[in-house]
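**Q** Predicted model follows, preceded by the sequence.
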Amino acid sequence: MLLSEYRPFSELIVKETEYNKPCHSVIDFHTHFGPVYRGQRYEKTYTAKNIISILKSYGVEKVIDLEIFPEEVEHVCRIWEGQEEFCTIFAPINFDYINEPNFETYVHKTIQRYKKLGIKGLKVWKNLGLEYKDKNGKLLRADDKRLQVIWQEAEENHFPVVVHLADPPAFFKPIDNNNERVEELIEHPEWCFYGKGLPSFEELLEQQDKLIGNNPNTTFVVAHCGSYAENLNFVSEQLNKHPNMYIDISARISELGRQPYTAKKFFTKHQDRILFGTDYYPTKDLLYPIYYRFLESMDEYFNYDYNIIPAKGRWKIYGIGLEPDILRKIYHDNAEYLLTRL
């Protein structure tokens, strides 16, 4: 029998709690409605009215749409026209312009244009550090001094910056029998950064640390649990070190839920700096009930997605049963604070 054919069913009988709605209204700080996951015909896969109806039925009050393609920003704004109370857009900077002599002018004009469009923040994706190169063919680091104008403009215009600089550490290791994400990487070999002459996971975390530390008056939201959900002690140290750093939990309950004791302590300690997020996009499975179950219940040993073979690895997760006042902050109040304070 091949491992791919192995589909065991647990004989464990434990409590199962259903959550279609959370205990408090939700602001999902990490969603995508542009072409990143659906291709160039993305607008054919949904309408704003339909999406709003579906997400509100799951208790979602508002979403933050994180766009990564500069050329699509105005198109996405038109899709959400008239629905700004439900959807707030964060938009990217085109780092290709780093090679132009007027880069600082480009950044300033871009952010002013974004403000006129109603955009409220910036999104920085992992192609910074892994893909963009300067005119000398050198990979552009996230903490490069030439990018300082971006973070300064973000500070002056009260734009939070959502950054996604590092994928899971397993993506930077060989695809072999020791890699816990081996099945996922076999299916998506393009997600593996090992042996390609790219920065290591540790080097990207160093860039992230310097980026946030060098710009103490700019608010950064480090996506996917601060880039390192597998090591909450590290993320905790970063949050202690950088008062201007927040995190979201998008696409990481698979990691958080298999360390429930550590996760609960972490959420309790940093309850004012954690944002709810799912990495939702139209056509993706609606995982809100599983997120709510993880955060609110003390249920044991349940699936973190709806796949027969879990997408990220063959394990289950546990609920962490947070207190209502902590849940209110993570679901809603921390995000509301960032969006209205800045």
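**A** Nice, thanks for sending it over.
**Q** what about Asn233, how many residues close to it?
**A** For Asn233, the number of neighbouring residues by other CB atoms under 10 Å comes to 10. (C-beta placed from N, C-alpha, C; glycine too.)
**Q** residue ranges for the helices of this structure, please.
**A** When secondary structure is read from DSSP state H, the chain shows helices at 48-56, 73-79, 103-117, 127-130, 148-156, 182-187, 201-213, 223-226, 232-241, 253-256, 260-269, 288-296, 324-328, 334-341.
**Q** Tell me which of those helices sits nearest to Pro8.
**A** Minimum separation from Pro8 across the helices of the chain (CB to CB) falls at helix 182-187, 14.7 Å.
**Q** How about residues contacting that closest one?
**A** The contact list for helix 182-187, computed with CB atoms under 8 Å, 6 or more residues apart in numbering, reads 3-4, 170-171, 175-176, 179, 191-192, 309, 311-314.
**Q** Mark which of those residues are buried, thanks.
**A** Buried members of the contacts of helix 182-187, counted by 16 or more other CB atoms under 10 Å: 170-171, 175, 179, 192, 311-313.
**Q** Please convert the contacts of helix 182-187 to JSON lines, extending it with distance to Gln112 and pLDDT.
**A** Listed next are these as JSON lines, based on distance: CB to CB, whole Å; pLDDT from 0 to 100:
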{"residue": "Leu3", "distance to Gln112": "54", "pLDDT": "76"}
{"residue": "Ser4", "distance to Gln112": "52", "pLDDT": "77"}
{"residue": "Ala170", "distance to Gln112": "41", "pLDDT": "98"}
{"residue": "Phe171", "distance to Gln112": "36", "pLDDT": "98"}
{"residue": "Ile175", "distance to Gln112": "45", "pLDDT": "96"}
{"residue": "Asp176", "distance to Gln112": "49", "pLDDT": "95"}
{"residue": "Asn179", "distance to Gln112": "45", "pLDDT": "97"}
{"residue": "Trp191", "distance to Gln112": "36", "pLDDT": "96"}
{"residue": "Cys192", "distance to Gln112": "39", "pLDDT": "97"}
{"residue": "Ile309", "distance to Gln112": "48", "pLDDT": "87"}
{"residue": "Ala311", "distance to Gln112": "40", "pLDDT": "93"}
{"residue": "Lys312", "distance to Gln112": "40", "pLDDT": "95"}
{"residue": "Gly313", "distance to Gln112": "44", "pLDDT": "93"}
{"residue": "Arg314", "distance to Gln112": "49", "pLDDT": "93"}
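**Q** Provide a list of residues in contact with the residue positioned nearest the centre of the chain.
**A** The structure's the chain has its C-alpha centroid closest to Ala223; by CA atoms, centre = their mean the separation is 3.6 Å. In this structure, Ala223 makes contact with 30, 66, 162-164, 247-248, 250, 277, judged by CB under 8 Å, 6+ apart.
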